[in-house]
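# no sequence for this one, just the structure:
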């Protein structure tokens with residue numbers, strides 16, 4: 001039924017499996033190995049938790065309002081807005097004069113690194129827009145969630161200064177919104 005070559009291969013494979021099973025068993029008897037396996041399990045659990053957290057943050061960011069407010073239609077004044085997510089709470093005051101962002105004050109923030117939001121505010125003032133560029137995103141770890149929340153917060157504050165006749169009927173729709 002089996003050729004000599006096939007029989008030898010099966011017999012050799014069985015021997016290899018039994019040999020390695022014995023080695024694995026003696027490998028697991030080592031205390032250092034048990035510590036290493038335990039540490040590996042902890043690292044994997046942390047990675048799983050971080051992935052879940054990133055997914056939750058991604059869903060929150062997708063639901064934020066983005067009006068793509070153009071400065072030409074924003075009236076002079078000072079506008080306040082606040083946005084609260086599970087990972088960042090921010091309150092801003094935006095001053096506009098002659099269709100130019102003169103100042104962005106961060107009244108309250110929780111969850112961002114020290115100076116992070118202030119840097120974004122400076123970028124927005126120099127660009128005279130709430131639409132500041134994001135760095136290239138290669139994967140989920142590259143997404144700067146606090147920056148996206150801050151952009152939405154400032155954009156919504158600026159949108160308060162837009163006359164009703166100039167307002168968009170709805171926030172800007174993204175490509176992902178159109179898929180069904």
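Sure thing, it's come through. Values in this document were obtained by computation on a predicted structure and should not be read as measured data.
# CA atoms for contacts and neighbours, from now on please.
Will do.
# so residue 41 is in which element?
Secondary-structure assignment from DSSP states H and E places residue 41 in helix 31-62.
# cool, residue 93 as well?
Using DSSP H and E, residue 93 maps to strand 89-97.
# Just the residues contacting that strand, thanks.
By Cα atoms under 8 Å, 6 or more residues apart in numbering, the residues outside strand 89-97 that reach it are 74-84, 101-111, 150, 153-154, 157-158.
# what number of residues lie near residue 119?
Number of residues near residue 119 (other Cα atoms under 10 Å) recorded here: 11.
# Mind checking what secondary structure it has?
helix (DSSP: H, G, I helix; E, B strand; the rest coil).
# now it: how far from residue 66?
Residue 119 sits 20 Å away from residue 66, going by Cα to Cα, to the nearest Å.
# quick one: the helices in the protein?
4-28, 31-62, 116-127, 145-159, 175-178 (DSSP state H).
# And the second one, how far out from the chain middle?
The reference is to helix 31-62. 16 Å (Cα atoms, centre = their mean, to the nearest Å).
# do the same with stretch 69-84
Mean C-alpha position of stretch 69-84 versus that of the full chain (Cα atoms, centre = their mean) differs by 25 Å.
# end-to-end on it?
Start-to-end span of stretch 69-84 (Cα to Cα) is 20 Å.
# do stretch 54-69 as well
Note: stretch 54-69 ends 28 Å apart using Cα to Cα.
# model confidence over it, on average?
Mean pLDDT, stretch 54-69: 84.
# Stretch 105-121 too?
92.
# Just the buried residues of it, please?
106, 109, 112, 117, 120, 121 (16 or more other Cα atoms under 10 Å).
# Tell me the gap between it and the middle of its chain.
Per Cα atoms, centre = their mean, the centroid offset for stretch 105-121 relative to its chain is 17 Å.
# so how far does it reach from one end to the other?
8 Å.
# How about residues contacting that stretch?
If you take Cα under 8 Å, 6+ apart as the criterion, stretch 105-121 is touched by 87-94, 104, 132, 146-147, 150.
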